[in-house]
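A.B. asks: Here is my input; please provide its structure:
(one chain, ligands or ions: 1)
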Amino acid sequence: MVKEPENEPEVTLELDYDRLDYATNREMENDEGEKTGFAKVASYDMENFMYVIKCPYCEHTFKGEGELGQRPWWIECPECGRSSNIYRIKDKAEKKVKNRGPDVPDDADVDV
Ligand SMILES: [Zn+2]
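C.D. replies: Numbers count the residues shown, from 1 in each chain. Next up is the predicted model:
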């Protein structure tokens, strides 16, 4: 079973998660460094990519698909014409990392 995100965007990709070879979901920053957008990119075969972008500049949400070619990827917002750089995407679906506390024993006595 695949858990659905709690906040589903208005524009979504209909994906067969079992077949996905690749998926990422990252936040996108505007010029002020505010995380006002996001980029979701997924692929079944690492050649054709499907994406949903929320433009961090004008907050327009759009989706598309195609062969993105070599990284870095630039996807242009059809609303404001600015391109967003989809850079350094991990090769596999991002795994949730458990938020563990500091893994230090109480009696640690180490010379540093
Ligand atoms: Zn835009």
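A.B. asks: the bottom helix or strand of the protein by mean pLDDT?
C.D. replies: Every helix and strand of the chain was ranked by mean pLDDT, DSSP states H and E. The lowest is strand 83-86, at a mean of 86.
A.B. asks: could you say what helices and strands the helix or strand hosting residue 40 packs with?
C.D. replies: Assigning secondary structure by DSSP states H and E places residue 40 in strand 37-43. Here strand 37-43 touches strand 22-28, strand 49-54, strand 83-86, going by 3 or more CB pairs under 8 Å, 6 or more residues apart in numbering; DSSP states H and E. All C-beta atoms are positioned from the backbone trio N, CA, C, and that covers glycine.
A.B. asks: Return the most buried member of those.
C.D. replies: Counting by mean count of other CB atoms under 10 Å, strand 49-54 has the highest mean neighbour count of those, with a mean of 20.
A.B. asks: Check which element follows that one along the chain.
C.D. replies: strand 61-66.
A.B. asks: Can you tell me the strand partners of that next one and which way each runs?
C.D. replies: Strand pairing for strand 61-66, using DSSP bridges, gives strand 49-54 (antiparallel).
A.B. asks: Close to the ion: what parts of this structure are there?
C.D. replies: When proximity is defined as CB under 5 Å from the ion, the chain approaches the ion at 55, 57, 58, 60, 77, 79, 80.
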